[in-house]
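**Student:** Could you work out the structure for the sequence below:
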Amino acid sequence: MKKSILDQAFRHISSSQTDLESTFERMWRELGEREEAEASSGSAYSKVRLRCNDEVVDIGAVVLLGLRGSALGAELIAFVCPRCGRPHESPRLG
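**Tutor:** The predicted structure is shown next:
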């Protein structure tokens, strides 16, 4: 749950009173819960389509170059093709 400093319920805690160990434990726990939820929801796609031969391969088989959004709002993955060695772009596939 995110809190804003503009929220009436927000209470500032000085750095001298902050328990860093519990803060980092909470952050790691929340990150793990988010990763588990993404993996179980099917939002973590693991394949890309090669433009040179229309083959679908596991994302682990390519060298990632970057990510960018398309005009349609989809996320495109830029990668080096393992077949032809040239850069390609593909949306993530399931």
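
**Student:** residue ranges with poor pLDDT in the chain?
**Tutor:** For the chain, residues meeting the criterion pLDDT under 70 lie at 1-3, 35, 37-45.

**Student:** And the most far-flung residue of the chain relative to its centre, how close does it get to Glu25?
**Tutor:** Centroid-distance maximum for the chain: Ser16 at 33.3 Å, with Cα atoms, centre = their mean. Distance of Ser16 to Glu25, computed by Cβ to Cβ, to the nearest Å: 19 Å. Bear in mind the C-beta positions are built from the backbone N, C-alpha and C, glycine included.

**Student:** Same check on Leu65?
**Tutor:** Noted for Leu65: a distance of 35 Å to Glu25, by Cβ to Cβ.

**Student:** before we move on, what about Val56?
**Tutor:** Relative to Glu25, Val56 is positioned 40 Å away (Cβ to Cβ).

**Student:** what ranges do the strands span in the protein?
**Tutor:** Assigned by DSSP state E, the chain shows strands spanning 47-49, 56-58, 63-69, 75-80, 87-91.

**Student:** From the rest of the structure, what touches the longest one?
**Tutor:** With contacts defined as Cβ atoms under 8 Å, 6 or more residues apart in numbering, strand 63-69 is touched by 75-80, 82, 87, 89.

**Student:** Any idea how far it is from the middle of the chain?
**Tutor:** 11 Å (Cα atoms, centre = their mean, to the nearest Å).

**Student:** Same check on the fourth one?
**Tutor:** Mean-position distance between strand 75-80 and its chain equals 13 Å (Cα atoms, centre = their mean).
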